[in-house]
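Chemist: Quick one, structure for this:
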Amino acid sequence: MTTKEIIAALEQGALANHQNKHRKGNLIILPAPGEVVMTGDLHGHDKNFEKLLRYADLDNNPQRHLVLHEMLHTAENTSADQCHSYRLLARAAQTKVQFPDQVHVILGNHAIAQRCRDEILKNGQPMVRALNTAISCTFAEKSTLIIQAIDNFIMSMPLAIRTENRIWLSHSLPSQKHINEFDNNIFDKTITLADLQSNPSLRALTWDRAYTPASLQQLKKLWDVDYFVIGHQPEPNGFSCCHQCLVILASEHSKGCFLPFKLQRSYSPDDFFALIKFIASLE
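Modeler: Below is the predicted model of the structure:
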């Protein structure tokens, strides 16, 4: 993609995020019938993204939805301390523009760190600096425009997805210590930079780890759902299944996984967990 195409994709993608017909405030509500292809963190893994896009085949499946998060920041395949994962973010934005009501790019903690200029490490590498260095070296006097377009795209991202068949999709989940004070109003308010920096509920939804059976039961009642599918945690085997209701996915490496499911049916835990697929199995 050219500089002009990257900026256009990010700017138009931000508008498409806001105008998504399934969006209610900062929450995407997906009705039946249809399908969802849920991914884990991608972190610049272009090859896995393209495989997932071919699998989703959105052109020929207008009721299928592709959920993406954490495209930015890869500590692999970098040179001179540069991270070029902005390319994947722009590619995701371009796909969002092409399929505005089928592609859903939700907010994650690395996107927040990038927008807030809060350094975050991946495999010991400072990722915000590496990404900004790559942009500066690649785009020179246009780098400010690229960074501004990335910022605007991040600010436009919804926070989570709830499906008609009671499945919750988000980057992470609040841990036990934050649930009692969790404010559901974050799904209705206009998200500001200050919210990304310090709103405790938004931060809990995107940064927390350590989920217990008790905390998940509380979240089930709070959001009226049966299952959760998230990313955020390193999963060297591509996935883990916890407490009969939680799937954690990683899509950023050779054992990366995804989870496709139908919107018009209910699932037992065993049936739901059995849906997980390895990206490497795709053409």
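Chemist: shouldn't residue 120 be in contact with residue 109?
Modeler: Yes: judged on Cβ atoms under 8 Å, residue 120 makes contact with residue 109 at a distance of 7.4 Å. All C-beta spots, glycine's among them, are computed from the backbone N, C-alpha and C.
Chemist: Just the terminal-to-terminal distance for stretch 178-188.
Modeler: 19 Å (Cα to Cα, to the nearest Å).
Chemist: what does stretch 185-194 give?
Modeler: 15 Å.
Chemist: more crowded one of residue 120 and residue 109?
Modeler: Legend: neighbour count by other Cβ atoms under 10 Å for residue 120 and residue 109, higher for residue 109 (23 against 17).
Chemist: May I have the residues that are in contact with the more buried one?
Modeler: 70, 120, 171, 172, 206, 207, 232 (Cβ atoms under 8 Å, 6 or more residues apart in numbering).
Chemist: mind listing which of these are in helices?
Modeler: The helices, defined by DSSP state H, take in 206, 207 from the contacts of residue 109.
Chemist: Now distance to residue 41 and pLDDT too, for the contacts of residue 109, in JSON lines please.
Modeler: Listed next are the contacts of residue 109 as JSON lines, based on distance: Cβ to Cβ, whole Å; pLDDT from 0 to 100:
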{"residue": "70", "distance to residue 41": "4", "pLDDT": "97"}
{"residue": "120", "distance to residue 41": "13", "pLDDT": "95"}
{"residue": "171", "distance to residue 41": "8", "pLDDT": "98"}
{"residue": "172", "distance to residue 41": "10", "pLDDT": "98"}
{"residue": "206", "distance to residue 41": "12", "pLDDT": "98"}
{"residue": "207", "distance to residue 41": "13", "pLDDT": "98"}
{"residue": "232", "distance to residue 41": "7", "pLDDT": "97"}
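Chemist: and the contacts of residue 109, which of them are in strands?
Modeler: Counting by DSSP state E, those place none of their members in strands.
Chemist: For stretch 206-213, which residues meet the burial criterion?
Modeler: Of all the residues in stretch 206-213, those buried under the rule 16 or more other Cβ atoms under 10 Å are 206, 207, 208, 211.
Chemist: oh sorry, the question was meant for stretch 256-275
Modeler: 256, 257, 258, 259, 260, 261, 263, 267, 272, 273.
Chemist: same thing with stretch 242-254?
Modeler: Quick answer for stretch 242-254 (16+ other Cβ under 10 Å): 245, 246, 247, 248, 249, 250, 251, 252, 253.
Chemist: Now do the phi/psi pair for residue 228.
Modeler: Dihedral angles of residue 228 (phi, psi; degrees, to the nearest 10) stand at phi -130, psi 140.
Chemist: ok so, going back, please identify which pair of the buried residues of stretch 242-254 lies farthest apart.
Modeler: 245 and 253 (25.2 Å; Cβ to Cβ).
Chemist: ranges for the strands of this structure?
Modeler: Under DSSP E, the chain gives strands at 23-24, 27-30, 35-39, 64-69, 103-106, 121-122, 125-126, 160-163, 167-170, 227-230, 239-242, 246-249, 257-262, 277-278.
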